[in-house]
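# Have a look; sequence and predicted model below, questions after that.
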Amino acid sequence: MMKDQRMRQPFQLAACAEMLWQDRPMDWRAARLTEMGLGVGLWNWSAWDLDALERSGANFTIMNGYLEGRLADEEGATMLLASAREAAQVGKRLGVDRLNLHGTGLGDGGIPIRQQETVSGAMWLKAKDTLHRLCDLAEKEDVVFTLENLNALDHPGCPFASTADVLALVSAVDRPQLRINLDLYHTQIGEGDLIRWCEKCLPWIGEIQVADNPGRCEPGTGEINYAVVARALIELGYHGPVGMEAFAAGDPDTALEAFRLAFSAEPSVD
């Protein structure tokens, strides 16, 4: 039965390697996900042996597209562009599909290095300009960036973090080099109403990321009915990447099968 579910899998499934099998080397984790037919997500690529990751033969679907910088001031934008240029080279080396961004650089525990509680109109304009400059870089390097939504409880003081803010920026830039990394775990905490946010963001989605809430573990461990979300995505016409950015409540292999099962849902039939 599981084999049949995999054969009719409607999405491109992946998982964040940094959150699973944390006692194992990263290249082992990447190879294991590849054996399971899943793409591989990374966070801080600078922490890992890139030669070993390259040898793993994994399909790296997403990784951090910068290590430092900010969207909304010139000093931060200069840092961000330089860091993104370096990340683009690493991404091309590993064959990464998408390079991920946030509204500002994040430090330990995901807390913004420079917290910004209010965002002015000038900051919005500067962020839009910075994203256009990143798109120019992406076009030259033949890469794609995504901008991810976060939630204010886990990432206080992160500007442009809400789903609404990310949608506003990406749709205003409206270039193929910049897509939305729609993280439904963060949307659930920040706004809820997941299916309608999927519909609003649909034209600009580059990837959807999932974890259940509370706990940030695999689907089926919390309050989100991901099988219903999956059916809605199919009915909306979305068949792109879905990444499990979640910890395993128990055995990682079991967690990944629960994720795969939730996103093997078929559209409802009237």
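All right, it came through fine.

# how about the helices of the stretch 1-150 of the chain, start to end?
For the stretch 1-150 of the chain, the helices defined by DSSP state H, counting those that start in this stretch cover 2-7, 26-35, 50-55, 74-94, 121-141.

# check contacts around Pro252.
With contact set as Cβ atoms under 8 Å, 6 or more residues apart in numbering, Pro252 has these partners: 20-21. (Each C-beta comes from the backbone N, C-alpha and C, glycine too.)

# Tyr185 versus the closest residue to Ala82 other than its chain neighbours, what's the distance?
Once flanking residues are discounted, Ala82 sits nearest to Gly69: 7.6 Å by Cβ to Cβ, 6 or more residues apart in numbering. To Tyr185, Gly69 is 24 Å away according to Cβ to Cβ, to the nearest Å.

# more neighbours, the two?
Ranked by neighbour count (other Cβ atoms under 10 Å), Gly69 and Tyr185 place Tyr185 first, with 26 against 23.

# The more buried one falls within a helix, correct?
Yes. Judged by DSSP: H, G, I helix; E, B strand; the rest coil, Tyr185 forms part of a helix.

# Could you double-check that it lies in contact with Cys217?
No. Tyr185 lies out of contact with Cys217 (Cβ atoms under 8 Å); the separation is 9.9 Å.

# Need the overlap of contacts for these two.
Common contact partners of Tyr185 and Cys217 (Cβ under 8 Å, 6+ apart): 211, 246.

# Using CSV, lay out the helices of the stretch 1-150 of the chain together with mean neighbour count, distance to Glu199 and mean pLDDT.
Output for the helices of the stretch 1-150 of the chain, formatted as CSV (neighbours: other Cβ atoms under 10 Å; distance: least, Cβ to Cβ, whole Å; pLDDT from 0 to 100):
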stretch, mean neighbour count, distance to Glu199, mean pLDDT
helix 2-7, 10, 25, 44
helix 26-35, 20, 30, 97
helix 50-55, 15, 36, 96
helix 74-94, 18, 29, 98
helix 121-141, 17, 23, 98
